[in-house]
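Chemist: attaching a predicted model along with its sequence, questions to come.
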Amino acid sequence: MDLNLNGKKVLVTGASKGIGLSIATVMAEEKAEVMIVSHNKSNLIQAKSIIKKITGISPKFLCCDLSKDSGREDLFANMPDADIVINNAGDIPTGTISDLSINDWRRSWQLKVFGYIHLSSLYANSMINRQSGTIINIIGMVSSAIRNNYICGVTGNAALEAFTNSLGAQTAAHNVRVFGINPTLTLTGRVEKIFRNRAESETGDAENWQTILDKLDLPFSRPTSPEEVARITALLASPRASYLSGTVINFTGGVI
């Protein structure tokens, strides 16, 4: 099915690896004009090479620190006319309320929570003026979970859900769509590293990580893949889902 994304200007943050890289790759497959963004230049160069090898298309890239206002404003100045903006950058630490300092909260929220809000604000105003555009926030299913060992992430994601719902309800009158996607556990390099560390701690051998992962009670007996998250993102970003706004889609395999 043609998603009618040919020629659309697509911006993907956190796009040097994991879900962001997969989203950028799928968008390039759909012949969109993609810009990938990350704070690590060497990772961006590698991601650009991967995307070109798979799709034949060489995306633009920008290295900037999205945890800072100046980094977000620089990004907007470099691509003010994006048709589709996908907020995906962020790494919130695990830990209970006793484990985390207030600086831990501030640091992680500057990138994911305030980063999403600021970029969404910059682009929403531009898109409203153009009467066209789509903003997608990749959030995470833990926004509705009770996990005291991830309190900073749960709280931040819940805030982003409320923000996404509110902004998307406002912008629909201006032909601008804003919605979110909550992926379940996704087998990225970061998740594999987490399970390798857990296997090393519990069994003395990091190579047992897959065995530990297999013991989890997951839908379809496995985590989802970055490519699966990317495919649903591309579909929902396309004109094929033109009535979707002001909501967050749970991509969880049926887990609530």
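Modeler: Ah, there it is. Values in this document were obtained by computation on a predicted structure and should not be read as measured data. Residues are numbered from 1 along each chain as shown.

Chemist: grab the CA positions of the helix or strand residue 235 falls within and hand them over as PDB.
Modeler: Using DSSP states H and E, residue 235 maps to helix 226-237. What follows is helix 226-237, C-alpha atoms only, in PDB (Å, rounded to 0.1, in the frame of the first residue of the first chain):
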ATOM      1  CA  PRO A 226      12.000  -1.500  16.200                       C
ATOM      2  CA  GLU A 227      10.900  -2.300  12.700                       C
ATOM      3  CA  GLU A 228       7.300  -3.100  13.800                       C
ATOM      4  CA  VAL A 229       7.200   0.200  15.800                       C
ATOM      5  CA  ALA A 230       8.500   2.000  12.700                       C
ATOM      6  CA  ARG A 231       5.800   0.500  10.400                       C
ATOM      7  CA  ILE A 232       2.900   1.500  12.600                       C
ATOM      8  CA  THR A 233       4.500   5.000  12.900                       C
ATOM      9  CA  ALA A 234       4.700   5.400   9.200                       C
ATOM     10  CA  LEU A 235       1.200   4.200   8.600                       C
ATOM     11  CA  LEU A 236      -0.300   6.600  11.200                       C
ATOM     12  CA  ALA A 237       1.900   9.500  10.000                       C
END
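
Chemist: show residues contacting that helix.
Modeler: 3, 5, 10, 18-19, 21-23, 25-27, 30, 84, 86, 134, 136, 138, 179, 181, 183, 186-188, 241, 244, 249, 251 (CB atoms under 8 Å, 6 or more residues apart in numbering). Placement of C-beta: from N, CA and C, glycine included.

Chemist: which among those count as buried?
Modeler: 3, 5, 10, 18-19, 21-23, 25-27, 30, 84, 86, 134, 136, 138, 179, 181, 183, 186-188, 241, 244, 249, 251 (16 or more other CB atoms under 10 Å).

Chemist: let's see which of the residues you listed end up in strands.
Modeler: 10, 84, 86, 134, 136, 138, 179, 181, 183, 249, 251 (DSSP state E).

Chemist: out of those residues, which is nearest to residue 112?
Modeler: residue 138 (9.8 Å; CB to CB).

Chemist: pretty sure that closest one is touching residue 89, no?
Modeler: No - counting by CB atoms under 8 Å, residue 138 does not reach residue 89; the two are 9.1 Å apart.

Chemist: okay, and the common contacts of the two?
Modeler: residue 20.

Chemist: report the buried residues of the helix or strand hosting residue 210.
Modeler: Per DSSP H and E, residue 210 falls inside helix 209-214. With burial defined by 16+ other CB under 10 Å, the residues of helix 209-214 counted as buried are 209, 213.

Chemist: can you list the residues that contact it?
Modeler: 192, 195-196, 198-199, 202-203, 221, 223.
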